[in-house]
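In: curious how this folds, go ahead:
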Amino acid sequence: MARRSVLLFVAALIALVGTALIVLYVQGIDKRATEGQEMVEVLTASATIETGEDVATAQEAGKFEKSQVRRDDLIEGALTTTSSITDDVALGTIYPGEQILGAKFGSLGDAQSLVIPDDKLAVSVELTDPERVAGFVSPGSEVAIFMSLDPVLIEPGGEEKTLPAYTRLLLPKVEVIGVGTTSMTSKTITTDEGAEVVEQVPSTILTVAVNQKDAEKLIFAARNADVSFALLTKDTKITDQPGVNAAEIMPELLRIAQ
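Out: Okay, here's the model as predicted:
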């Protein structure tokens, strides 16, 4: 009888330990699933803060507001109050919805020039709204840069040979350090009927920080091809690939040509 009681006690103890381990395991899964998902408070811009605008003026105009973001989306250096930048001005344009970073504010003298990383060059390109992700690119954004080109090969005898148009990755990751004002520029387009018309399109000058080799690539592409920015997140995966041409997107064109 005593032996049976001991066995029952041991079995109950094992069951209790097993249940506890299962509970701990499930709690661990829940913790991993929700890690980084909890909401935290951060200061954001509720309206555009112009370069050189002082914090006090922006605050009086109601351009700061507190928002809730996921911890994973919280940018390093983001502020929850303006107490540390009270006497500063914006070093670049800050757009609605942007998290307020202390690094984007400083003295008035600092606002007159770009903040360029010590080992980089500043290069500017002019892009229309679609080419700059519809205006969502701002100082501090990281972008991949693509180019679309209609290449022409010049033969040794001087004869020109048009190669298939293609689009490919130019630079996988660069930092945007400046966004200029938007202006209207003229652009000639061809209608479905084949007629050429001139339309007014908004364009903006964006400045990026690059090394010398990448500066040469970007300047060449800006002068000889169409350049497009693609906004990156911290989880975006970019790989250098050969690119695509019309035949790869529409194989039927290749069959027609043959």
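In: not counting its neighbours along the chain, what's nearest residue 59?
Out: Using CB to CB, 6 or more residues apart in numbering and skipping the chain neighbours, the partner closest in space to residue 59 is residue 82 (6.1 Å). All C-beta spots, glycine's among them, are computed from the backbone N, C-alpha and C.
In: I'd guessed residue 48 sits against residue 95; true?
Out: Yes: using CB atoms under 8 Å, residue 48 is in contact with residue 95, at 5.8 Å.
In: rewinding a little: and the residue nearest to residue 59, how far is that from residue 105?
Out: 9 Å (CB to CB, to the nearest Å).
In: what do those two both touch?
Out: residue 55 (CB atoms under 8 Å, 6 or more residues apart in numbering).
In: looking at the two, which is more packed in?
Out: Per other CB atoms under 10 Å, whichever of residue 82 and residue 105 has more neighbours is residue 105, with 26 against 17.
In: list the contacts of the residue nearest to residue 59.
Out: When the contact criterion is CB under 8 Å, 6+ apart, the partners of residue 82 are 43, 55, 59, 64, 100.
In: which ones are touching the second one?
Out: Residues counted as contacts of residue 55 (CB under 8 Å, 6+ apart) are 82, 85, 86, 87, 88, 89, 90, 105.
In: pull out the buried residues from those residues.
Out: 82, 85, 88, 89, 90, 105 (16 or more other CB atoms under 10 Å).
In: measure the fifth one to residue 176 for me?
Out: Okay, so that is residue 90. In terms of CB to CB, residue 90 sits 16 Å off from residue 176.
In: what's the answer for the second one, then?
Out: When CB to CB is applied, the distance between residue 85 and residue 176 equals 21 Å.
In: would TSV of the contacts of residue 55 with secondary structure, distance to residue 237 and pLDDT be doable?
Out: Converted to TSV, the contacts of residue 55 look like this (DSSP: H, G, I helix; E, B strand; the rest coil; distance: CB to CB, whole Å; pLDDT from 0 to 100):
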residue	secondary structure	distance to residue 237	pLDDT
82	coil	36	91
85	helix	35	91
86	coil	40	89
87	coil	42	87
88	coil	36	87
89	strand	37	86
90	strand	33	87
105	strand	33	87
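In: of all these, which comes closest to residue 222?
Out: residue 90 (27.3 Å; CB to CB).
In: I'd say that closest one and residue 49 touch.
Out: Yes: the criterion here is CB under 8 Å, and residue 90 meets it with residue 49 at 4.9 Å.
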